[in-house]
Structure formats: C-alpha cells, structure tokens
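In: The following comprises the amino acid sequence and a computationally predicted model.
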Amino acid sequence: MLHIDKISAKLILRYFCLSIILLAISCHSNTVDYPSKHYLAISKRDTAYLKITKRENYFYGEYIVKYGNSAKDSGEIRGNILGDTLLGDYFYMPNSGGVKKRKPFALLQKGKTLKLGSGAVMSFMDIPYYAPDVSINYDSTNFVFNEIEQPYF
C-alpha cells in the first residue's frame with residue numbers, strides 16, 4: 001500500500017508541475033502595445049478632436065466635434081487601413097439626444113496630418129456607406145487634423 005502511495009504522489013507531483021508550467025505559458029502575454037495618437041482640427045468656430053489607435057490593418061478610437069460654443073457630437077470610430085486611407089464608421093450620440101447614429105468615416109493621411117473626407121453616402125439596410133462609384137473628396141474638407149501631444153478635451 002505504501003508503494004502505491006509513492007507512485008500516486010509522484011504522478012500528482014508531475015501533474016501539478018505540468019499544470020504550473022502550462023499556466024505560466026498561457027499567462028505569458030504576446031500582446032503588442034499600440035500607442036494612441038491625438039489630433040486636433042479647427043475650422044472657423046468648430047473644433048474636432050481625434051484619438052486614433054492603429055494596428056496592422058485597422059484602426060479604432062474616439063472622435064469629438066464641437067460646433068461653436070453650443071452643440072457637440074462624440075463617439076467612436078473604427079475601420080480598415082488601406083494604404084494612406086483610413087476608411088470606417090463613426091458611431092456617435094448627437095448632442096441633441098435621441099438614438100445613437102452611424103455614418104461613414106474617411107481620413108487621408110499625409111505625413112503627420114489627416115484630412116477628413118466627404119462623399120456621396122448610400123445606405124443598405126440602414127447601414128450608411130460611401131458610394132463606391134463616386135470618389136471621396138479630401139480637398140474641400142472642413143477639418144485637417146494636426147498631431148498633438150496630449151488629449152485636448
């Protein structure tokens with residue numbers, strides 16, 4: 001009986017050591033820290049703030065627009081990175097209240113600046129998107145974002 005107890009103790013010790021090793025391996029994180037960048041754009045009385053985190057081929061972040069001294073739209077952005085273009089969606093709660101809204105969102109990166117794009121918007125099943133046969137315009141934009149060191153709002 002004593003001999004069986006020694007074998008059982010060795011098996012228990014081996015399984016315990018194996019579990020500790022597997023736990024240590026699974027807890028080791030291979031995540032990469034992707035830093036966020038902050039941008040600010042001013043057009044007449046309107047101010048826009050952008051916080052973007054870029055990964056390999058997609059982005060996400062916050063987008064806030066203050067219209068003069070009164071209204072403000074704020075929400076989240078996310079989408080794909082296609083070369084120098086960031087194309088995605090803006091999910092926001094309008095200052096006037098109501099329900100959360102969604103609209104297409106496009107940025108063109110030129111060095112350390114980002115230009116907000118505009119274009120013909122279509123909708124399919126209440127999901128808005130830019131019309132594929134019409135180019136997104138980045139030249140007559142209201143907002144050209146410049147990188148800033150720290151959050152603005």
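Out: Done, it's in.

In: Any regions of the chain where pLDDT drops low?
Out: Judged by pLDDT under 70, the chain has its weakly predicted residues at 1-32, 96, 152-153.

In: Have a look at it and report its longest strand.
Out: strand 71-82 (DSSP state E).

In: Partner strands of that one, with direction?
Out: In the sheet, strand 71-82 lines up against strand 58-67 (antiparallel), strand 85-93 (antiparallel) (DSSP bridges).

In: Just the C-alpha atoms of it, please, in PDB.
Out: Written as PDB, here are the backbone C-alpha positions of strand 71-82 (Å, rounded to 0.1, in the frame of the first residue of the first chain):
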ATOM      1  CA  ALA A  71     -23.500  71.500 -29.700                       C
ATOM      2  CA  LYS A  72     -21.200  68.600 -29.600                       C
ATOM      3  CA  ASP A  73     -21.200  65.200 -31.300                       C
ATOM      4  CA  SER A  74     -19.000  62.500 -29.700                       C
ATOM      5  CA  GLY A  75     -18.500  58.800 -30.300                       C
ATOM      6  CA  GLU A  76     -16.300  56.000 -31.500                       C
ATOM      7  CA  ILE A  77     -14.600  55.400 -34.900                       C
ATOM      8  CA  ARG A  78     -13.300  52.100 -36.300                       C
ATOM      9  CA  GLY A  79     -12.400  50.800 -39.700                       C
ATOM     10  CA  ASN A  80      -9.700  49.500 -42.000                       C
ATOM     11  CA  ILE A  81      -6.500  51.000 -43.200                       C
ATOM     12  CA  LEU A  82      -6.000  50.800 -46.900                       C
END
